[in-house]
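A.B. asks: sharing a model prediction with you, sequence too.
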Amino acid sequence: MRRARGRTGLALLLLLLVVQVPAVATAAEPLPAVFHVHSRLSTGALTLAELLAQAERDGLGAVLLAENYLLRVEYGLPPFRALTRVVREEPSVLDHREAYAREVAEARRQFPNMVIVPGVEVMPHYRWTGTPLTMEMTLHDTQKNILVFGIDPLDLHTLTVTGNPHARVLGAQSVIDALPVLLVVPGVLLLWRPRVRRTRLGSAVVVVRRRRWVLGGLLLAIGVIALVRGWPFTVDRYPPWRDFGIEPYQTLIDDVEKRGGAAVWSFPEGPDAGTRSYGPVQVRWRTDAYPDDLLRSSGYTGFGAVYEQSLRFARPAEGWDRLLTQYVAGERAQPAFGVGEAGYHSSRAGKRLRPVQTVFFVDERSPKGVLDALKRGRMYAMRNSADAALVLSEFAVTGDGGAAGMGDTLKAAPGTPIEVRATVSSPSGSPIVRVTLVKDGKVEAAWTGRTPLEIRRPDVASARRAYYRLDARVSASDYLVSNPVFVAP
């Protein structure tokens, strides 16, 4: 009886110890990666092998490819758009998915220490304004793109993208495009049944039979061309002659997330514009910066928060904080995470792989581990020069409930003490860094000092959900932004 009581007391003591001892956040391996890279499979200048060799020399551990999914634009005069359409297309992987998969498999065998994550850069929709009749046309939103990861390249062909023949549907325009095919009937009749004319020649009547080759041949040719150019007479769900707002992008995001992939808005603050002449017609292309569309859309994994431009969206109290405060208030189903987006195509104009990185914290060094870290927000984004690269050695919120890192949630009872811990270091010297702590969209505190700079900020858990994130800057070209740590009651 005493032994039973002793065992019971020991079990209760062990249970009490398990409950009271804080859980320690799982140690994860930091994995520096270059995010959004093109090879010669689409619009890049290097082969995949050359690209990976360069990444290894630069000390990177992972490459997230974003080969162009479909670079195809077309214009057709109304009402018979299929018959009159003109198409311009550049290298992309939609029709070369098998080759893409083979190249990635071969690269993984050739570079076993490099984590390779295949993805695509998708242009969900574009639209035209103007007309050739006025000699001026504008092509909008060809650089308003979404990066897609986590879907097998062989299964990408059904994405709802303007210009994708595998995702087209029948509609009213299908009927209009098919109408010219009916010209085949009168064309054949005119050629088959000659026109009969009777002419009196003296006392005789001459019967002349003539086939109407020109008119019949023209009608037949138009009908056959309409059939060839229009077949199977399907049209895009979001055709390029209408402005559908955010809908095409939200449709793609929902499709990707439903398949278990990750959708990332690309370069939301990166405008693009230019002009080219095609004979007498001036064709302009224009993509305006679109950070507000990140607020209008939902369900996506992340967005380009750091790249080689001056940006505002990820600054304290700007657009990103509006997204995160909506999430902690229950107005969004999931948070949006920031990545460092390289957009690397070639080394022209001094472009390099290293300056913009995403550092993932992975449980396993594999494509699966990187995708898991991406979807959970376990990473930070950085831009660096050779003079002052920054490293976020530590960022966590601790309390009696344990510890939580980037992308994770600490459970803490309201009123209990918690502490924000961070360490910003630099392997290239001891530059002076300014670190800003943002809490719920507002600047909570700031520190300035030489690296390594350790931060300990005590706080008290509140009765509502909250988040913390860091912004660390040496200069306009050397800085990092963390993803948020959440605290929930």
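C.D. replies: Arrived safely.

A.B. asks: can you tell me the centre-most residue of the protein?
C.D. replies: By C-alpha atoms, centre = their mean, the chain has its centre lying nearest to Leu147, at 2.0 Å.

A.B. asks: what's the neighbour count on the residue nearest to that residue when sequence neighbours are not counted?
C.D. replies: The spatially closest residue to Leu147, leaving aside those adjacent along the chain, is Val264, at 4.3 Å (C-beta to C-beta, 6 or more residues apart in numbering). The way it works is simple: take the backbone N, C-alpha and C, and place the C-beta from them, glycine included. Val264: 28 surrounding residues under other C-beta atoms under 10 Å.

A.B. asks: which residues touch Val264?
C.D. replies: 146-149, 300-304, 339, 374 (C-beta atoms under 8 Å, 6 or more residues apart in numbering).

A.B. asks: helices - which of these land there?
C.D. replies: Leu374 (DSSP state H).

A.B. asks: pLDDT and distance to Leu252 for the contacts of Val264 - can I get that in JSON lines?
C.D. replies: Below are the contacts of Val264 laid out as JSON lines (pLDDT from 0 to 100; distance: C-beta to C-beta, whole Å):
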{"residue": "Ile146", "pLDDT": "98", "distance to Leu252": "6"}
{"residue": "Leu147", "pLDDT": "98", "distance to Leu252": "11"}
{"residue": "Val148", "pLDDT": "98", "distance to Leu252": "8"}
{"residue": "Phe149", "pLDDT": "98", "distance to Leu252": "13"}
{"residue": "Tyr300", "pLDDT": "98", "distance to Leu252": "9"}
{"residue": "Thr301", "pLDDT": "98", "distance to Leu252": "13"}
{"residue": "Gly302", "pLDDT": "98", "distance to Leu252": "15"}
{"residue": "Phe303", "pLDDT": "98", "distance to Leu252": "14"}
{"residue": "Gly304", "pLDDT": "97", "distance to Leu252": "16"}
{"residue": "Val339", "pLDDT": "98", "distance to Leu252": "18"}
{"residue": "Leu374", "pLDDT": "98", "distance to Leu252": "17"}
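
A.B. asks: most neighbours, which of the contacts of Val264?
C.D. replies: Using other C-beta under 10 Å as the neighbour criterion, Val339 leads the contacts of Val264 with 32 neighbours.

A.B. asks: now it. Nearest residue, chain neighbours left out?
C.D. replies: Going by C-beta to C-beta, 6+ apart, Val339 has Thr358 as its nearest residue, at 4.7 Å.

A.B. asks: count of neighbours near that neighbour?
C.D. replies: Count around Thr358 with other C-beta under 10 Å applied: 30.

A.B. asks: before we move on, what about Val460?
C.D. replies: Val460 has 11 nearby residues by other C-beta under 10 Å.

A.B. asks: residue numbering should commence at 38 henceforth.
C.D. replies: Right, with 38 as the first residue, what we last looked at is Val497.

A.B. asks: look up which residues are beta-bridged to it.
C.D. replies: Beta bridges link Val497 to Pro454, judged by DSSP bridges.

A.B. asks: hang on, isn't it packed against Gly452?
C.D. replies: Yes - taking contacts as C-beta atoms under 8 Å, Val497 lies within contact range of Gly452: 6.3 Å.

A.B. asks: could you find the closest non-adjacent residue to Glu127?
C.D. replies: Nearest to Glu127 is Leu108, by C-beta to C-beta, 6+ apart, at 4.0 Å.

A.B. asks: doesn't Gly260 make contact with Leu227?
C.D. replies: No - Leu227 is beyond contact range of Gly260, at 11.8 Å (criterion: C-beta under 8 Å).

A.B. asks: thinking again about what came up before, in contact with the residue nearest to Glu127, which residues?
C.D. replies: 79-80, 126-129, 160.

A.B. asks: quick one, grab the pLDDT at Gly46.
C.D. replies: The model reports Gly46 with a pLDDT of 42.

A.B. asks: ok, now Leu238?
C.D. replies: 71.

A.B. asks: give the burial count for it, as a bare number.
C.D. replies: Using other C-beta under 10 Å, Leu238 has 7 neighbouring residues.

A.B. asks: and what of Pro392?
C.D. replies: Neighbour tally, Pro392, other C-beta under 10 Å: 23.

A.B. asks: and the gap between it and Glu127?
C.D. replies: 26 Å (C-beta to C-beta, to the nearest Å).

A.B. asks: so the residue nearest to the centre of the chain touches Pro161, yeah?
C.D. replies: No - between Leu184 and Pro161 there is no contact, the gap being 11.5 Å when judged by C-beta under 8 Å.

A.B. asks: what about stretch 398-406, start to end distance?
C.D. replies: 9 Å (C-alpha to C-alpha, to the nearest Å).

A.B. asks: and Glu126, how many neighbours?
C.D. replies: Glu126, neighbours per other C-beta under 10 Å, totals 12.

A.B. asks: pLDDT wise, what is the residue lying closest to Arg391 once chain neighbours are set aside at?
C.D. replies: Nearest residue to Arg391 in three dimensions, chain neighbours excluded: Asp95, at 4.6 Å (C-beta to C-beta, 6+ apart). Looking at Asp95, its pLDDT stands at 92.

A.B. asks: also Ser463?
C.D. replies: 91.

A.B. asks: and the gap between the closest residue to it other than its chain neighbours and Val518?
C.D. replies: Among residues not flanking Ser463 along the chain, Thr488 sits closest, at 4.3 Å (C-beta to C-beta, 6+ apart). As judged by C-beta to C-beta, Thr488 and Val518 stand 16 Å apart.

A.B. asks: these two: which is more packed in?
C.D. replies: Neighbour totals were compared for Thr488 and Val518, and Val518 leads with 26 against 23 (other C-beta under 10 Å).

A.B. asks: residues contacting that one?
C.D. replies: 342-343, 351, 375, 417-419, 506-509.

A.B. asks: where exactly do the helices run in the stretch 238-387 of the chain?
C.D. replies: 250-267, 284-295, 329-333, 356-365 (DSSP state H, counting those that start in this stretch).
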